[in-house]
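**Q** mind folding the following:
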Amino acid sequence: MFFTPNVETETKPTTVPAPIGGLNAKDSLAAMPATDAIVMRNWWPQPYGCTVRKGYTAWTTGLPASVNTLATWSATNGTQKLFAWSGAGMYDVTAKGVAAAAIVSGLTSSIWQTVSMTNSAGTHLIAVNGQDNGIIYKPTGVARLILGDGIVVNTWAGLNPALAIQLTVHQRRLWAVEKNTSNGWFLPPDAFQGTFKKFDFGPLFSRGGFLRSLHTWTLDDGNGAEDHLVAISSRGEVAVYQGTDPEYDTTWSLVGVYFIGAPVSGRRSVTKIGGDLGIVTQQGVVSMTETLASTKVNEAQSRLITEKIQFLISELVSTYTDLADWELSYYPKLNMLMINVPSVVLGGNIQLASNQIIESWTEFTEMDAASWGGLASNPYFGDYQGTIWQMWDGGQDKVGLDGTGGTSILTDVQQAYSYYGALAVQKQVGMYRTNFLVSVPVQYASTVLYDYDTADLPAIGVLPPVGVSLWGVGLWGIATWGGGQAIQKPWKSASGMGVAASLRMVMQSENDVLWISTDYSIIGGLGIL
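**A** Reported below is the predicted structural model:
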């Protein structure tokens with residue numbers, strides 16, 4: 001039976017939780033769980049609801065060019081320093097404020113790969129870029145790594161530090177990747193200088209290509225947790241080794257070689273996620289743990305951390321795979337895994353972020369990040385105009401050093417379509433209300449769409465002031481009170497009808513907002529609901 005104005009009707013109330021399942025670019029619009037989202041921008045999914053993401057504030061200004069590298073040095077006594085590479089220099093940006101003079105100058109590139117290594121002399125931050133002599137920061141200060149005999153302090157023998165493009169520390173050994181070759185080089189345990197020995201991974205790469213990067217991966221294969229060395233080729237093959245000393249077959253063995261898809265451009269597309277290793281490839285973000293499990297246990301098991309947003313990430317990777325500034329980061333304090341996605345449009349970089357507690361994805365916009373880093377477990381990013389920003393700080397974007405100039409955070413969401421318990425039956429949303437827990441009233445507009453429509457609402461920047469209605473969109477929801485948090489849940493009327501309905505909503509906020517659920521009053525033919 002179909003609903004018509006001449007049929008006796010009934011009204012049924014129902015509640016749909018906020019889309020804590022996050023972005024879904026895997027399931028069809030007709031089969032998506034109701035707690036997922038078709039569009040989700042600048043919302044952060046939590047187990048108990050969705051919050052508007054935090055803003056970002058200026059940390060360092062006045063750098064000469066794009067901030068293409070951020071790295072942290074952490075001393076054994078807990079002291080930390082944040083370093084940035086911009087233009088031809090390396091800068092200490094630990095203190096908030098205007099950048100001071102470069103601590104290293106005359107560099108030809110500001111794109112560096114770094115690693116931290118600790119030995120009896122303390123913690124050392126080592127940086128290479130495949131063009132300039134290496135840089136090392138240690139408790140005594142900054143120095144350059146140069147080609148030499150390996151005996152004189154800060155010299156390398158065997159491998160020219162200017163040819164090293166990426167580093168890792170595995171089983172207390174410093175490993176380096178030689179630029180545009182299949183060669184990995186390693187030092188004796190606990191050494192950051194000395195004579196390197198070569199290990200050629202080329203014969204393992206049947207698809208050709210060069211060695212892109214080396215990483216340590218912790219795997220428990222039933223015999224206890226053990227660190228494995230992962231060698232990734234430019235063509236998407238991964239060689240995994242176990243053992244402690246690559247000079248002897250008795251202490252060094254090949255676990256296997258796997259194909260994961262070609263990695264995206266750059267050498268920052270890999271990060272540790274607890275004991276796992278995530279790698280951004282043309283297939284998506286691949287889990288090394290699931291890759292090994294799928295080959296040993298279940299071929300059908302998904303290897304992709306980004307499985308739920310697979311079509312989205314595949315489209316982005318296909319479009320922008322050769323662009324610089326791809327970066328995969330993990331911030332344990334926030335349980336946040338984040339992919340920096342570059343764009344050909346100035347200001348167009350976005351981030352795909354996952355709350356790893358519930359493995360729900362969302363999209364962040366308005367952060368045109370060239371590089372990411374961290375200080376005191378907090379995320380920071382450098383932009384293309386020479387500014388470093390502290391992310392997840394406050395309720396506004398682009399807050400200046402003096403605390404002014406911030407802008408509202410703009411959100412956009414379309415929740416998955418729902419049949420409200422009655423498949424293939426015409427129905428109408430009569431009234432609906434979104435339930436927010438807020439500290440101050442929020443400005444938003446919403447509408448109900450039917451039958452898989454994905455029409456956009458007006459850009460939030462052109463929405464009218466609080467108290468003015470939008471034609472065909474519904475009423476503004478506002479309230480006034482003093483102090484603490486309160487529920488904001490005004491009823492709005494909807495128009496139209498269909499077999500499935502979806503909430504589309506835009507919002508601008510500068511304060512804490514928690515979206516808990518949405519209530520609907522569903523009108524249908526008598527007895528069909």
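**Q** how about residue 373, secondary structure?
**A** The three-state assignment at residue 373 reads strand, by DSSP: H, G, I helix; E, B strand; the rest coil.
**Q** residues contacting the closest residue to it other than its chain neighbours?
**A** Once flanking residues are discounted, residue 373 sits nearest to residue 70: 2.8 Å by CB to CB, 6 or more residues apart in numbering. Bear in mind the C-beta positions are built from the backbone N, C-alpha and C, glycine included. Contact analysis of residue 70 by CB atoms under 8 Å, 6 or more residues apart in numbering lists 82-85, 371-374, 380-382, 388.
**Q** want to throw these into a markdown table with neighbour count, distance to residue 416 and pLDDT?
**A** As requested, those are exported to a markdown table (neighbours: other CB atoms under 10 Å; distance: CB to CB, whole Å; pLDDT from 0 to 100):
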| residue | neighbour count | distance to residue 416 | pLDDT |
| --- | --- | --- | --- |
| 82 | 21 | 40 | 98 |
| 83 | 24 | 43 | 98 |
| 84 | 27 | 41 | 98 |
| 85 | 29 | 43 | 98 |
| 371 | 27 | 34 | 98 |
| 372 | 22 | 30 | 98 |
| 373 | 22 | 35 | 98 |
| 374 | 21 | 33 | 96 |
| 380 | 26 | 34 | 98 |
| 381 | 27 | 31 | 98 |
| 382 | 27 | 36 | 98 |
| 388 | 25 | 37 | 98 |
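**Q** show the average pLDDT along the helix or strand harbouring the residue nearest to residue 373.
**A** Residue 70 belongs to strand 67-74 when assigned by DSSP states H and E. For strand 67-74, mean pLDDT rounds to 98.
**Q** show the subsequent helix or strand relative to it.
**A** strand 80-86.
**Q** ok, then the element right after that following strand?
**A** On the C-terminal side of strand 80-86, the closest following helix or strand by DSSP H and E is strand 89-92.
**Q** alpha carbons only: can I get that following strand in PDB?
**A** Provided in PDB are the C-alpha atoms of strand 89-92 (Å, rounded to 0.1, in the frame of the first residue of the first chain):
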ATOM      1  CA  GLY A  89      66.900  26.100   6.800                       C
ATOM      2  CA  MET A  90      66.200  23.900   9.900                       C
ATOM      3  CA  TYR A  91      64.500  25.700  12.800                       C
ATOM      4  CA  ASP A  92      64.000  25.100  16.500                       C
END
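**Q** run through who's touching that strand.
**A** For strand 89-92, contacts defined as CB under 8 Å, 6+ apart pick out 60, 63-64, 81-85, 99-100, 102-107, 127, 135, 142.
**Q** go again with 6 Å.
**A** Residues from elsewhere that reach strand 89-92 (CB atoms under 6 Å, 6 or more residues apart in numbering): 84, 99, 102-105.
**Q** among the residues you listed, which are in strands?
**A** If you go by DSSP state E, the contacts of strand 89-92 have residue 84 in strands.
**Q** now, among the contacts of strand 89-92, which is nearest to residue 26?
**A** residue 84 (37.4 Å; CB to CB).
**Q** so what pairs up with that closest one in the strands?
**A** According to DSSP bridges, the residues that bridge with residue 84 are residue 70, residue 91.
**Q** residue 183 and residue 198 touch, don't they?
**A** Yes: applying CB atoms under 6 Å as the test, residue 183 and residue 198 come out as touching, 5.4 Å apart.
**Q** these two: which is more packed in?
**A** residue 183 (19 against 13; other CB atoms under 10 Å).
**Q** hey, what's the more buried one bridged with?
**A** residue 200.
**Q** list the buried residues of stretch 187-202.
**A** Residues of stretch 187-202 classed as buried: 187, 191-196, 199, 201 (neighbour count, 16 or more other CB atoms under 10 Å).
**Q** again but with stretch 439-458, I slipped
**A** 439-450, 453, 457.
**Q** Throw these into a markdown table and include distance to residue 515, pLDDT and secondary structure, thanks.
**A** As requested, the buried residues of stretch 439-458 are arranged in a markdown table below (distance: CB to CB, whole Å; pLDDT from 0 to 100; DSSP: H, G, I helix; E, B strand; the rest coil):
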| residue | distance to residue 515 | pLDDT | secondary structure |
| --- | --- | --- | --- |
| 439 | 14 | 88 | coil |
| 440 | 15 | 88 | coil |
| 441 | 14 | 88 | coil |
| 442 | 10 | 89 | coil |
| 443 | 14 | 87 | strand |
| 444 | 10 | 91 | strand |
| 445 | 14 | 92 | strand |
| 446 | 11 | 92 | strand |
| 447 | 16 | 93 | strand |
| 448 | 16 | 94 | strand |
| 449 | 18 | 95 | strand |
| 450 | 22 | 95 | strand |
| 453 | 21 | 89 | coil |
| 457 | 16 | 75 | coil |
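**Q** going by distance to residue 120, which of those wins?
**A** Closest approach to residue 120 among the buried residues of stretch 439-458 (CB to CB): residue 439, at 50.5 Å.
**Q** the closest one is in contact with residue 486, isn't it?
**A** No: the criterion here is CB under 6 Å, and residue 439 misses it with residue 486 at 8.1 Å.
**Q** show me the biggest strand of the chain in terms of residues.
**A** Assignment by DSSP E gives strand 513-525 as the longest strand of the chain.
**Q** direction included, what does that strand pair up with?
**A** Strand 513-525 is paired, per DSSP bridges, with strand 9-17 (antiparallel), strand 49-52 (antiparallel), strand 428-438 (antiparallel).
**Q** dump those to TSV, plus mean neighbour count and mean pLDDT.
**A** Listed next are those as TSV, based on neighbours: other CB atoms under 10 Å; pLDDT from 0 to 100:
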stretch	mean neighbour count	mean pLDDT
strand 9-17	14	87
strand 49-52	23	97
strand 428-438	20	95
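**Q** so which of those strands is nearest residue 164?
**A** Between these, strand 49-52 lies closest to residue 164; by CB to CB that is 42.3 Å.
**Q** for the helix or strand just after the closest one, what is the average pLDDT?
**A** The C-terminal neighbour of strand 49-52 among helices and strands, as given by DSSP H and E, is strand 56-61. The average pLDDT for strand 56-61 rounds to 98.
**Q** specify the angle between strand 56-61 and strand 67-74 in degrees.
**A** For strand 56-61 against strand 67-74, the angle by axes from the mean of the first three to the mean of the last three CA atoms, to 10 degrees is 90 degrees.
**Q** what helices or strands is strand 56-61 leaning on?
**A** Packing partners of strand 56-61 (3 or more CB pairs under 6 Å, 6 or more residues apart in numbering; DSSP states H and E): strand 388-391.
**Q** what lies in contact with the strand it packs on?
**A** Outside strand 388-391, the residues touching it (CB under 6 Å, 6+ apart) are 56-57, 59-60, 67, 93, 379-382.
**Q** over to stretch 203-210?
**A** Contacts of stretch 203-210 (CB under 6 Å, 6+ apart): 180-182, 233-235, 237, 239, 257.
**Q** now do the SS call for residue 162.
**A** helix.
**Q** which residues does it contact?
**A** Going by CB under 6 Å, 6+ apart, residue 162 touches residue 133.
**Q** just the one 10 residues further on next, same as before
**A** If you count contacts by CB under 6 Å, 6+ apart, residue 172 has them with 189-190.
**Q** what do you get if the cut-off is 10 Å, keeping everything else the same?
**A** Residue 172 makes contact with 117-119, 187-191, 227, 244, according to CB atoms under 10 Å, 6 or more residues apart in numbering.
**Q** ramachandran angles for it?
**A** Here is the backbone geometry of residue 172 (degrees, to the nearest 10): phi 70, psi 10.
**Q** for it, give its distance to residue 216.
**A** Look at residue 172 and residue 216: by CB to CB, to the nearest Å, they are 11 Å apart.
**Q** what residues are shared contacts of those two?
**A** Joint contacts of residue 172 and residue 216 (CB under 10 Å, 6+ apart) are residue 227.
**Q** just for the protein, where's the confidence low?
**A** Low-confidence segments of the chain (pLDDT under 70): 1-9, 220-225, 293-302, 458-484, 525-529.
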